[in-house]
Structure formats: C-alpha cells, structure tokens
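In: Need coordinates for the following:
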Amino acid sequence: MKEILVAFGRAFRSLWRRDIFWHLLWPGIVALVLWITVGVLQWDPMVATVLNVVHGLPLVGEWLTTSETVAAIVLVMLKIGLLLVFVPLIYVTAAVLVATVALPIMLERVGRRDYADLEQRRGGSNAGSAWNAILTTVLFVFALLLSLPFWLIPGVGLIVSVLLTGWLNQRAFGYDALMLHADGDEMRRLRADQRVPMLALGGACALLAYVPVLNLVAPAYSGLAFVHFLLEALRRERTRNGVTLIDASPKSLPRTNA
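Out: I've put the predicted structure just below:
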C-alpha cells in the first residue's frame, strides 16, 4: 500500500512539469471529442440495437411486453447504462493513445530525471507497446460487451467498469513503464511478482475516470503512476540482487585558473 501511495505522489509531482503536462491532456481530449461525436451521431441506432438485444433475451423480452411501465423503466435504465458505457470507452481510447504515443515520451523524460541511476536495458520496444495496447483493447472491449446485460442491474455496471479498467491499466501500462529500463527477464518477473499491487493501483486509477475534469487526465496520470511504481520496484530488485546502480549525482566541475 505504501508503494502505491508513493507512486501516486510522485506521479502528481511529475504531471506539473512543463514537458509532461501537455501529454497529460491531449489523449483525454481527443478521446472525449471522438466519443461525443459518435454518441451524437449514433445515439438512436445504438439505443435501438441494445433494446433489440434485450427484447431477444429469453424470459426478459416476454416480461417487457407485458407491461408498458416496466418497458419504460427498462428503457430509461438502458439509456443510463449506455451513457455509463461511454466512460470506459473514452478511457480505453485515451489509454491506447497514452500507451502508444504519450507514455513513451513521458517515460524517457521521467526516467532521465527521477531514475537516472537505473541502467536502460530496453527489454521492450515501441512495436511491442503498440501490439500490447491493441491486444489489451480487443480483450477489454470483448469483456465489456459480454458484461452489458449485467449493466441493467443498478450499481453492477459501475463495479464491472472499474474492475475491467483496473485490469486494462495494469496490462497496458505495466509493459510500457518497464520497456525502457528493464530487460526481458526483469519485465516478465516484475509484472508477475507485482500483479496484485498493480491491479490495486489500476483499480484506484480507474476510479478517476468517473471524476469530472479529472477524467480527462486520468489515463495519462495512471500511466505516470505505473512508471513510478514499477521503476521503483525495479530499483529495489536490482539493489537487492547486488546490481550496482549508476552514479547519477552531479559531478563537481574542475576549477580553472583565471
């Protein structure tokens, strides 16, 4: 728990740097504009499609046709649920942009400033990051679609969304945070050893997606938190294994005679 809080604090400190702040903003803004546009243009067809799916469910469809009041209540709940679905969709879109574009840039700058003592062994690559982001997105969307019937139960949709988004965070950002500094073995080992704390960190970050204004920067902030969490874990592991860290202290300049 302490390591997670430290990661949050360091990420909060990093996000105010001028070379970081813009990359914190633009993925969320792009994702928000994209899905608002989709929602405005396709709202009625989406509602009709989901309603047809619900009517096609055994027993449920027959139950809806027996009462106009029940059908009206279900329609309102369906629309609310559909609106809530946009939150994880906006988040996952922004997270993909962060993972493939923004986070590698932020990782290099944060690593140079805060983790200069860690040797860069480059166990990952930009191509690997892109493939990991694509695969994670496909799995996330598939799981989200499978969970849609449960969203009609009040509160369940929010719980499912947070759990899935937490998994998305640890899967997408866990690779990117280590790809520059860790070697292949370290990447696999740390991601396995830190799986439970990463899920906890990812779930905590997922809650930010439901806070107005903060949700615009939540994906990039989550990426920063994972960078600090995993690079500090890498630093501890190398120290424990007796690996000599790079001396990153400023070197005093030699004096020159006037």
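
In: mind checking pLDDT for the residue nearest to the spatial centre of the chain?
Out: By CA atoms, centre = their mean, the chain has its centre lying nearest to residue 169, at 3.5 Å. Among the per-residue scores, residue 169 shows a pLDDT of 89.

In: Equivalent analysis for residue 213, please.
Out: 75.

In: how about it, phi and psi?
Out: For residue 213, the backbone dihedrals (degrees, to the nearest 10) come out as phi 70, psi -50.

In: any idea how far residue 172 is from it?
Out: Remark: distance between residue 213 and residue 172 (CB to CB, to the nearest Å) = 23 Å. From N, CA and C alone the C-beta is placed, and that goes for glycine too.

In: hmm, back to that, what helix or strand does the residue nearest to the centre of the chain sit in?
Out: helix 156-178 (DSSP states H and E).

In: Are there helices or strands packed against whichever helix or strand comes after that helix, and which ones?
Out: Sequence-wise, the next helix or strand downstream of helix 156-178 (DSSP H and E) is helix 184-193. Packing contacts for helix 184-193, counted by 3 or more CB pairs under 8 Å, 6 or more residues apart in numbering; DSSP states H and E, involve helix 156-178, helix 214-240.

In: out of these, nearest to residue 135?
Out: Evaluated with CB to CB, the helices and strands packed on helix 184-193 place helix 156-178 nearest to residue 135, the distance being 8.5 Å.

In: Report the inter-axis angle for the closest one versus helix 214-240.
Out: Angle, helix 156-178 to helix 214-240, by axes from the mean of the first three to the mean of the last three CA atoms, to 10 degrees: 50 degrees.

In: from the middle of its chain, how far away would helix 156-178 be?
Out: Centre-to-centre, helix 156-178 and its host chain are 6 Å apart (CA atoms, centre = their mean, to the nearest Å).

In: now stretch 129-145
Out: Centroid displacement of stretch 129-145 relative to its chain, using CA atoms, centre = their mean, is 11 Å.

In: Contacts for it next, please.
Out: Here stretch 129-145 makes contact (CB atoms under 8 Å, 6 or more residues apart in numbering) with 85, 88-89, 92, 95-96, 99-100, 103-104, 161, 164, 167-168, 171-172, 175-176, 179.

In: Any buried residues in stretch 184-193, and which?
Out: Using 16 or more other CB atoms under 10 Å as the burial criterion, the residues of stretch 184-193 that qualify are 186, 187, 190, 191.

In: got a list of what the third one touches?
Out: What that stands for is residue 190. Counted by CB under 8 Å, 6+ apart, residue 190 has contacts 178, 182, 230, 233, 234, 237.

In: Same check on the first one?
Out: Contact criterion CB under 8 Å, 6+ apart gives 121, 123, 178, 234, 237 as the residues in contact with residue 186.

In: roughly how far apart are the third one and residue 114?
Out: Taking CB to CB as the measure, residue 178 falls 15 Å from residue 114.

In: which of those two has more neighbours?
Out: Shown here are residue 178 and residue 114; by other CB atoms under 10 Å, residue 178 has more neighbours (27 against 17).

In: rewinding a little: residue 213 and residue 172 - which one has more neighbours?
Out: Higher neighbour count among residue 213 and residue 172: residue 172, with 29 against 8, using other CB under 10 Å.

In: Provide a list of residues in contact with that one.
Out: Neighbouring residues of residue 172 by CB under 8 Å, 6+ apart: 95, 96, 99, 132, 133, 136.
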